[in-house]
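A.B. asks: Just need the structure, nothing else, for what follows:
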Amino acid sequence: MTEALSTPAVGSDRQHGYQLVDCDVHPIMRGGMGDLRPHLSTAGQHRLGLDDRRGLTTTGHREAVSVPRNMLYVNPAGVLRDDARSPDGSAPGADPAHTARQLLDANGVSRAVLIGGEVLGLGAMPDPDVAAMIASAYNDWLAATWLSADDRYRGTIVVGAQDPALAAAEIRRAGADERFVAVLLPLTNILMGQRHYYPIYEAAAELGLPVTVHPNSGEGIFRTSPSMAGAAPTYYVEWHTGLSQVFAANVISLVCHGVFERFPGLKVVLTEGGLGWIPDVMWRLDKNVKGLRDEVPWVRRLPSEYIVDHVRFTSQPLPEPRRRRHLHLLCEIVEAERTLMFSSDYPHWDYDDPRHALTTLPPQIRRRVEVENAVETYGARL
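C.D. replies: Have a look, this model is predicted:
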């Protein structure tokens, strides 16, 4: 381990009293899209088919959700753990009180950052107005249903990136509620460094909100979703394993387009994107920028420095190499004492149990990963 790993965290010690911060918890809509009805205008209900003119079925959770999602690579086991169902039988993760008991109380989670599991595919919708409408209604639903249910919950403001002006307006509107700690940006087929996103970054930076991205279940499938290398994969295991391509491409884009020079206070959180690909991106960028600096003169520092200063990663799925020292070496390379935050991915079946997942990390950085990096990333709103 480098000397940095054994250096005490600056300004960390326990002023907040948090035990553990979980940076990726997925709330589920109990009645599917029908739950958004109270937060939509009459015209919006008509547009989404949620009005009384149609016999919407809200009893079957999967059938009631109409946001684009992965229909080709269906995981035979599904993605939700059945023991996360509430006593009333509603979908796993749909009951804020049951989630609080099963996840927060049982594991000493002081704060849970909620990332809307059913709006991750919003970037695949071709109609920007519909995407913006769903985003706004969802944010209101999240505030009313989850953030008001338990003070340990914190929200992310989902936006439709198809129209960045509408997205920026939604950030400023929903961001007036300080229980929202980040912006959730559903990815599209436009890489994150492109100036298309500048209004979104400007609004996020203005409010001090990090921008969070997450796999959207439509990568390489829908035309407006992020592409995957070599066209669409055949099997679910291919799709799931290849998701790191999307994260690597977007980090490279952010650095090469100078986003962190233009928005020096901006933080980007890559949720559920893994860690193993990061060293290669850092090393290749550092090497290539030295030889091609005249192409990107606005990249004034080593790319690896931008990544460590501005990009944060969440632990799930934490690498599980056969030799633990390989994980420790990876943590050293990516400066995990600054960049890595804990996430459980509840209520998915491949959820990382906080009682066990963090025990494989180097002991000297574990507290940073459990709490301090999240406190520094999300700030006072946490």
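A.B. asks: ok, residue 266 - contacts?
C.D. replies: With contacts defined as Cβ atoms under 8 Å, 6 or more residues apart in numbering, the neighbours of residue 266 are 201, 204, 205, 210, 211, 259, 260, 310. Placement of C-beta: from N, CA and C, glycine included.
A.B. asks: Any chance of a ChimeraX selection covering the buried ones in those?
C.D. replies: Selection of buried members from the contacts of residue 266 for ChimeraX, criterion 16 or more other Cβ atoms under 10 Å:
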select :201,204,205,210,211,259,260,310
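A.B. asks: got a markdown table for the contacts of residue 266, with distance to residue 106 and pLDDT too?
C.D. replies: What follows is these, written out as a markdown table (distance: Cβ to Cβ, whole Å; pLDDT from 0 to 100):
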| residue | distance to residue 106 | pLDDT |
| --- | --- | --- |
| 201 | 37 | 98 |
| 204 | 33 | 98 |
| 205 | 36 | 98 |
| 210 | 27 | 98 |
| 211 | 30 | 99 |
| 259 | 39 | 98 |
| 260 | 38 | 98 |
| 310 | 34 | 98 |
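A.B. asks: For residue 164, which non-adjacent residue is spatially closest?
C.D. replies: residue 199 (4.2 Å; Cβ to Cβ, 6 or more residues apart in numbering).
A.B. asks: ok, now which ones touch that neighbour?
C.D. replies: Contacts here follow Cβ under 8 Å, 6+ apart; on that basis residue 199 touches 164, 165, 167, 168.
A.B. asks: just residue 160 next, same as before
C.D. replies: Taking Cβ under 8 Å, 6+ apart as the criterion, residue 160 is in contact with 122-123, 125, 128, 130-132, 134-135, 166-167, 170, 186.
A.B. asks: cutoff 7 Å now
C.D. replies: Under the criterion of Cβ atoms under 7 Å, 6 or more residues apart in numbering, the contact partners of residue 160 comprise 122, 128, 131, 132, 135, 166, 167.
A.B. asks: Widest-spaced pair of the contacts of residue 199?
C.D. replies: 165 and 167 (7.2 Å; Cβ to Cβ).
A.B. asks: between these two, which one's more packed in?
C.D. replies: residue 167 (25 against 12; other Cβ atoms under 10 Å).
A.B. asks: The more buried one against residue 200, yeah?
C.D. replies: Yes - here residue 167 reaches residue 200: they are 5.0 Å apart, a contact under Cβ atoms under 7 Å.
A.B. asks: Overlap in contacts, these two.
C.D. replies: Both residue 167 and residue 200 are contacted by 159, 161, under the criterion Cβ under 7 Å, 6+ apart.
A.B. asks: Tell me where the stretch 201-350 of the chain has helices.
C.D. replies: Listed from the start of the chain, the stretch 201-350 of the chain has helices (DSSP state H, counting those that start in this stretch) covering 236-241, 244-256, 259-262, 278-291, 303-310, 324-333, 336-339.
A.B. asks: how about those in JSON lines, adding distance to residue 176?
C.D. replies: Supplementary listing: those in JSON lines, determined by distance: least, Cβ to Cβ, whole Å:
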{"stretch": "helix 236-241", "distance to residue 176": "37"}
{"stretch": "helix 244-256", "distance to residue 176": "27"}
{"stretch": "helix 259-262", "distance to residue 176": "25"}
{"stretch": "helix 278-291", "distance to residue 176": "35"}
{"stretch": "helix 303-310", "distance to residue 176": "25"}
{"stretch": "helix 324-333", "distance to residue 176": "38"}
{"stretch": "helix 336-339", "distance to residue 176": "30"}
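A.B. asks: In terms of mean pLDDT, which of those ranks lowest?
C.D. replies: Lowest mean pLDDT within these: helix 236-241, a mean of 89.
A.B. asks: List the buried residues in that one.
C.D. replies: Residues of helix 236-241 classed as buried under the neighbour-count rule (16+ other Cβ under 10 Å) are 239, 240.
A.B. asks: Could you do stretch 114-126 as well?
C.D. replies: Neighbour-count burial for stretch 114-126 flags 114, 115, 116, 117, 118, 119, 120, 121, 122, 123, 124, 125 (criterion: 16+ other Cβ under 10 Å).
A.B. asks: Backbone torsions only: list them for residue 114.
C.D. replies: Taking degrees, to the nearest 10, you get phi -90, psi 130 for the backbone angles of residue 114.
A.B. asks: Quick check: it vs residue 212, distance?
C.D. replies: In this structure, residue 114 and residue 212 are 11 Å apart, going by Cβ to Cβ, to the nearest Å.
A.B. asks: Quick check: neighbours shared by these two?
C.D. replies: By Cβ under 7 Å, 6+ apart, the residues touching both residue 114 and residue 212 are residue 156.
A.B. asks: Output the contacts of residue 266 in TSV, with distance to residue 357 appended to each entry.
C.D. replies: What follows is the contacts of residue 266, written out as TSV (distance: Cβ to Cβ, whole Å):
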residue	distance to residue 357
201	31
204	29
205	31
210	22
211	25
259	31
260	29
310	25
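A.B. asks: Perfect, I'm done here.
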